[in-house]
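*Asks:* Return a 3D structure for these sequence lines:
(chains A and B)
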Amino acid sequence: MRIFTLICSLLLIALGAAGHYGWGVEGEGPRTLVSAIPGGFGLLMLIGLIVSFLLRRTGMQIALLAALGGGFSGLGRLTPSYLEETLDWQSHPMNLIVAMAAICLLYLVVTLVCAVLPKRSRKKSQPAAAEEEPESIPC
Amino acid sequence: MEEKPAEPEVREEAAVLADQPDGAPSSLGGSQIKKRPLWLWAVVVFLKVIFLTPFYLLIALVAFGGGVGWHYFEASAALDLSEVERLEVGALVRDLHGREIGRAGTMSRLLITREDIPPHFVDALIAAEDQRFFLHPGFDPVGSVRAAWANYRAEAIREGASTLTQQLARDVYKLEGKDADRKLSEIAAAVRIEDRYTKDEILVHYLNRIYFGSGFYGLGSAARGFFGKTPQQLTIDEAAMLCGLIPSPSRYSPLVSEELARENRDQTLRRMRQAGKLTSTQLDTLLATGTIVAKSREHLIDRGQVNYLLARVERELRASLETRPVPITSLDGLVVETSIDLALQQRAAKAIDRHLKEVAKKAAAAGAPTDDLEAAFVMMENRTGRLVVSVGSRDFYKSEYDRAIEMTRPPGSAFFPFVYAAAFETGAFKPDSPVFDAPFDNREMGLGSIGGILGEWSTENPANRWDGHIAASDALRYSKNSPTARLGLQVGLGPVRELVAAAGIQSPLEDAPGSLLGNSEVTLTELTLAYTVFPNGGTHAHSPGMIREVRDASGKLISPPLELKPDPAMSGATASAVSACLTATSGGVTQSGKSGTTPAFTDAWYFGFDDEYTWGTWVGRDSFTPLFPLAFGSEFAKPLAAAIVAERTSTSPAVPVAASEKP
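*Replies:* Take a look at the predicted model:
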């Protein structure tokens, strides 16, 4: 799960960098801190990951909240454009927002699936792993 | 730590989103899990559901809202923030003599600077409109919640949640409407404005732009117009009155309603007291003091007509420019030549005011109310339909409602010429054809009147005389209801409807016999246009308008040529026949025209024409109640029209031919 968190956070940071330095520079959108929002969520997720090494549950909760924020803010960003029928799938900003929302929502889903899986079945399928790494969360 | 399978009765509960202290041993692990009773597990799950689920939902909701805000904030990046300080110079508007009327699109603002705004005015404005102006970043969530709570408690919209910056954004970027999209765009624009300008700059731009009612845009012109002062000379109560007007300037203007203006002034003063800007003693003194508004009737009428004309020209101009292949949105630098005779327009407005004072005396003598009497007058050129005079109300400062073009009323007997024209067009009737004048039950026509117990009889004339068989020309000349009703029923509503539509009346004619007697509502301007068919030999003038030609800053003509000449509504012979019926010579003076009266005496009309111009007059009440019994158009509208037409001196030039019409 930590590796998955690391991958997602790095992807989001890369998206934020692309948003801030990429589409801003290309003139496709304003080069403001707003365009680096995906990076903000990625950074928060990364912080959660680091914290999880010290405070496991708190760290993963931070990462989860970051994903929740990123996913739903992405949906919120896209919804008015969808309603106004101004979604432009060709533009980089739009693609990056979609990517941010997709990564965050995927992370959210994976986390929730892992959380609600019956522990017993996990134990049965991976008894050795559970014994070796009892502090790690499932998945 | 070794984790063991949970006991069947103690099901594991999704430990990832857990409730345990960080670093503490898991309660799921080891022997503890075995010891946890079922009821404790149920309590833990219950608490998670109760507290964690709403928490996560709240985070999701806030994130979603933030995302929506993100969309609008990004969209607002396209706004040109320099527009905040850019006030349109507007289009120069001239009358038919070449005399400057003013500038359309600027509303004759008197611009002010920060130094011109006295501190107590700022206090009043902040107290009335935006108490946290100096604290918020453009939008004010605290103020919004407070306003929502106040409105909820009052069960009415008492307080608005828009900050001064939001109001400025709305005005600058023309963000109309009340939907969420407009509101969010407004907030995003306000945040950007706050980012670009200081609070003082925002204050100045706001006060230079907003409308204070009665045609006054900006603090400078409002202070001058309402109090004859500069902003620096305003007293506290005057400042409070001006700030109290802002939510609904057209209603709260002291020139419209002194009572409402004072109520809002007092409310602003109380808010200033709540904000600590006034002592209790000051408040009591100010509440007990009246605020005197500088009024000069002559001055108000003059200025009122100028503002009215400029507003009307601007509306017409923008509509015309928007339909161009490449629409022009800014009026800056345009020069507009109109067909309006400004001097005659102002004399007409004064004549209306004088006339209504006389009508008020007669209404008072008849025991009728005198407070809501109104009148309107329109004069247009027969050839082109261009308006020479168009007065929409007695006093533009009191009422901006344009009764010349916006108000629809039943024309009553002023509609008769079109019934006779339709009859003559059939060929079955001629001016000398006999028609029958005898009592006629109005209920057959679906009309209500004031004669008879059931309102079944129209009052034909004060003597209520019936003439039996008379010529159609006389029936029309003397405005006889019963012969017209009988003739109309014979001809049928269909041919009449077709004829008036071809004559330029766009208001729908009701599918009822009463329409034959002028029961269907029309506007003054469209009926005046329809009357141009008589001097024009059967064809009405082009669509009425004030603009003759428009040139851009380089002098290039950009106004479109007149539309094609409309199709004739009737034959030249019919037009001549009806004109002859409407023409009479008295004392060596030949006049052509027709008065109109509705059966219940709610509206008095007169339409006249000569070779060059056609004019229409309406006198009535906004309340749709009778002027008073026996208030005929021939006595209450015709003299007004005559007075205004008499003001048109023989030296008044004809409307010049527009450049677009020259070969």
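*Asks:* in which helix or strand would I find the one residue in the stretch 1-150 of chain B that gets nearest to chain A?
*Replies:* Ranked by CB to the nearest CB, the top residue of the stretch 1-150 of chain B for proximity to chain A is B:Gly67, at 2.2 Å. Yep, even glycine has a C-beta here, placed from its N, CA and C like the rest. Assessed by DSSP states H and E, B:Gly67 sits inside helix B:53-75.
*Asks:* Check the chain and tell me which residue is nearest its centre.
*Replies:* Just so you know, I chose chain A. In chain A, the centroid-proximal residue (CA atoms, centre = their mean) is A:Cys104; its distance is 3.3 Å.
*Asks:* Not quite, go with chain B.
*Replies:* Note: chain B centre (CA atoms, centre = their mean) maps to B:Tyr401, 5.6 Å.
*Asks:* Contacts only, for that residue.
*Replies:* Applying CB atoms under 8 Å, 6 or more residues apart in numbering or on different chains, we find B:Tyr401 in contact with B:392-393, B:407, B:622.
*Asks:* which element is it on?
*Replies:* Applying DSSP H and E, one finds B:Tyr401 in no helix or strand.
*Asks:* could you measure it against chain A, distance?
*Replies:* Separation of B:Tyr401 from chain A (CB to the nearest CB, to the nearest Å): 35 Å.
*Asks:* And the pLDDT at the closest residue to chain B within chain A?
*Replies:* Chain A approaches chain B most closely through A:Gly76 (2.2 Å), counting by CB to the nearest CB. Note on A:Gly76: pLDDT of 91.
*Asks:* now it: how far from B:Ile470?
*Replies:* 78 Å (CB to CB, to the nearest Å).
*Asks:* who's more crowded, those two?
*Replies:* Taking neighbours as other CB atoms under 10 Å in any protein chain shown, A:Gly76 and B:Ile470 compare with A:Gly76 leading, 22 against 17.
*Asks:* now the longest helix seen in chain A: how far from the chain's centre is it?
*Replies:* When chain A is parsed with DSSP state H, its longest helix is helix A:56-83. Helix A:56-83 sits 7 Å away from the centroid of its parent chain (CA atoms, centre = their mean, to the nearest Å).
*Asks:* quick one: A:Leu6 and A:Ile50 touch, right?
*Replies:* No. The pair A:Leu6 / A:Ile50 is not scored as a contact, 9.8 Å apart, by CB atoms under 8 Å.
*Asks:* Name the residues of the helix or strand hosting B:Gln305 that are buried.
*Replies:* In the assignment (DSSP H and E), B:Gln305 maps to helix B:297-322. Neighbour-count burial for helix B:297-322 flags B:300-314, B:316-318, B:320-321 (criterion: 16 or more other CB atoms under 10 Å in any protein chain shown).
*Asks:* do stretch B:92-101 as well
*Replies:* B:92-96, B:101.
*Asks:* hmm, back to that, please list all residues in contact with the residue of chain A closest to chain B.
*Replies:* Going by CB under 8 Å, 6+ apart, A:Gly76 touches B:63-71.
*Asks:* Turn those into a markdown table, including neighbour count and pLDDT.
*Replies:* Formatted as a markdown table, the contacts of A:Gly76 follow (neighbours: other CB atoms under 10 Å in any protein chain shown; pLDDT from 0 to 100):
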| residue | neighbour count | pLDDT |
| --- | --- | --- |
| B:Ala63 | 25 | 91 |
| B:Phe64 | 19 | 92 |
| B:Gly65 | 14 | 90 |
| B:Gly66 | 17 | 88 |
| B:Gly67 | 25 | 88 |
| B:Val68 | 19 | 89 |
| B:Gly69 | 20 | 87 |
| B:Trp70 | 21 | 84 |
| B:His71 | 22 | 86 |
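*Asks:* out of everything not next to it in sequence, what's closest to B:Ala190?
*Replies:* Take B:Ala190 and drop its neighbours on the chain: the residue closest to it by CB to CB, 6 or more residues apart in numbering or on different chains is B:Gly138, 3.6 Å away.
*Asks:* returning to what we had before: and the residue nearest to the centre of chain A, what element?
*Replies:* Per DSSP H and E: helix A:92-116 holds A:Cys104.
*Asks:* which parts of that helix are buried?
*Replies:* Those would be A:93-94, A:96-101, A:103-105, A:107-108, A:110-111, A:114-115, for helix A:92-116 by 16+ other CB under 10 Å.
*Asks:* That one packs against which elements?
*Replies:* With contacts defined as 3 or more CB pairs under 8 Å, 6 or more residues apart in numbering or on different chains; DSSP states H and E, the packing partners of helix A:92-116 are helix A:2-17, helix A:37-54, helix A:56-83.
*Asks:* Could you find the closest non-adjacent residue to B:Arg270?
*Replies:* B:Leu283 (6.9 Å).
*Asks:* Same question for B:Val204.
*Replies:* B:Arg114 is the one closest to B:Val204 (CB to CB, 6+ apart), at 5.2 Å.
*Asks:* pLDDT below threshold where in the chain?
*Replies:* With no chain named, the answer covers chain A. For chain A, the stretches with pLDDT under 70 are A:23-34, A:116-139.
*Asks:* um, chain B though
*Replies:* Counting by pLDDT under 70, chain B has low-confidence residues at B:1-35, B:106-108, B:156-160, B:177-178, B:295-300, B:303, B:443-444, B:446-464, B:562-564, B:649-663.
*Asks:* how does it look with 50?
*Replies:* Low-confidence segments of chain B, defined by pLDDT under 50: B:1-32, B:662-663.
*Asks:* okay, now the domains of it?
*Replies:* Annotated domains of chain B cover B:1-78, B:109-295, B:387-395+B:402-661 [automatic domain parsing].
*Asks:* okay, the ones you listed in TSV with distance to A:Leu64 next?
*Replies:* Listed next are those as TSV, based on distance: least, CB to CB, whole Å:
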stretch	distance to A:Leu64
domain B:1-78	8
domain B:109-295	27
domain B:387-395+B:402-661	60
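*Asks:* between these, which gets nearest to B:Lys361?
*Replies:* Of all the domains of chain B, domain B:387-395+B:402-661 sits nearest to B:Lys361, with 11.2 Å by CB to CB.
*Asks:* I'd like the distance from that closest one to the chain centre, please.
*Replies:* Mean-position distance between domain B:387-395+B:402-661 and its chain equals 25 Å (CA atoms, centre = their mean).
*Asks:* before we move on, what about stretch B:264-284?
*Replies:* With CA atoms, centre = their mean as the basis, stretch B:264-284 stands 33 Å off its chain's centre.
*Asks:* and what of stretch B:243-260?
*Replies:* What separates the centre of stretch B:243-260 from the centre of its chain is 16 Å, taken as CA atoms, centre = their mean.
*Asks:* What residues of that stretch count as buried?
*Replies:* In stretch B:243-260, counting by 16+ other CB under 10 Å, buried: B:243-247, B:249, B:252-256, B:260.
*Asks:* What is the nearest of those residues to chain A?
*Replies:* Among the buried residues of stretch B:243-260, B:Pro247 lies closest to chain A (CB to the nearest CB), at 28.8 Å.
*Asks:* wait, is that closest one part of a strand?
*Replies:* No. Under DSSP: H, G, I helix; E, B strand; the rest coil, B:Pro247 falls outside any strand and is assigned coil.
*Asks:* Next, the angle from the helix holding A:Cys104 to helix A:2-17.
*Replies:* Between the axis of helix A:92-116 and that of helix A:2-17 there is an angle of 160 degrees, by axes from the mean of the first three to the mean of the last three CA atoms, to 10 degrees.
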